[in-house]
Structure formats: C-alpha cells, structure tokens
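# Structure here, sequence nowhere to be found:
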C-alpha cells in the first residue's frame, strides 16, 4: 500500500473515531469473507459499522480523538465496530461473538471512558435508542388512549339509553 493510500485510510479512520459515540475493538481470526459480510450487514441494519483495521494505521488515526486510550488494544488481527448509538455496536458485536467464536471482543470505549469486555457485554444488554424511543412513545400514547376511551364511554352509554328509550315508546 503506497503512502497516499495509507494517509487516506488514516484520515477515514480518524473521522470514524471522531464521529462515533462507541467503539468496540475486536479480534477476528479466521472469519471468512461471508461471515464478515454477514456481520457488516447486521451492523448496518443496527445503524453501526464494522471495519477491519491495520493496527499501526488505527493507532495513528486514534491520535487526537476521544478514543486515544484504546491504542494499546490494537494487537493481532483487529477490527472495530462503531456507532453513533451508544449501544448498537456493542449489541451486534456481542450477539455475533456468541454465535461465532472467531470474533472476540477485546475492549471498547464510550467517549473518553474505557470499557473492558464485561462492560461492553453489559452495554450490549441495554435497549437501543430506537427501542427506548418506542417505549417512550408507548408510555405517552397509553394515557391518551385511556382518556379517549373514558370520554367515549359516557357518550356510548347515553346513546344506548336513548336507543332503549326510543324503542320502548
């Protein structure tokens, strides 16, 4: 790989690290092209990304970002999972590593906070932003539905009374 391609790759990785809320460092030894494609698809569907990295280039790209503390984790065949959602990358990485032993979570970072494997696994168990939004909408809609039902009940009862009174005359 020539110098200009390396510089471009470092710049892309630096931008990825700068924009992400969560980065999960993984080791992926022996994953087939099909398995990596499947993992990338799952990441995309969750709003996350997955990149196989060259350690030295990733360490260069980390400089000046909030994830600089992860530089020591880049040893061996590494890849990163990243997302704007503080849960998505951890959730997909954890689920995939359960099914496929070739992918192992090494560490993670949420902003300047370093995460060990157990913390990444705990983060993966939390609901995603979309799931939380859905729960909030459900909570907000439930009282409105109940209010509408209560308001309609007396009108329905009045209609039945008038109907019964009208049919008896």
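Right, received. Where do you want to start? Keep in mind the model is a prediction, meaning the values are calculated, not measured.
# In contact with the closest residue to residue 114 other than its chain neighbours, which residues?
Distances taken as Cβ to Cβ, 6 or more residues apart in numbering put residue 69 closest to residue 114, at 5.1 Å, once the chain neighbours are dropped. C-beta: built from backbone N, CA, C; applies to glycine. Residue 69 sits next to 109, 112, 114 when contact means Cβ atoms under 8 Å, 6 or more residues apart in numbering.
# so what's the first one bridging to?
So that's residue 109. Per DSSP bridges, the residues bridged to residue 109 are residue 23, residue 114.
# The most centrally placed residue in the chain and residue 129, how far apart?
Centroid-nearest residue in the chain: residue 88, 0.9 Å away (criterion: Cα atoms, centre = their mean). Computed as Cβ to Cβ, to the nearest Å, the residue 88 to residue 129 distance reads 8 Å.
# which ones are touching the residue nearest to the centre of the chain?
With contact set as Cβ under 8 Å, 6+ apart, residue 88 has these partners: 22, 43, 46-48, 128-129.
# Check the gap between it and residue 7 for me.
Counting by Cβ to Cβ, the gap from residue 88 to residue 7 is 29 Å.
# Near residue 31, how many other residues are there?
19 (other Cβ atoms under 10 Å).
# Got the phi and psi for it?
Here is the backbone geometry of residue 31 (degrees, to the nearest 10): phi -70, psi 140.
# who touches it in this structure?
39, 100, 102-103.
# Doesn't residue 106 belong to a helix?
No - Residue 106 is assigned strand when assessed by DSSP: H, G, I helix; E, B strand; the rest coil, not a helix.
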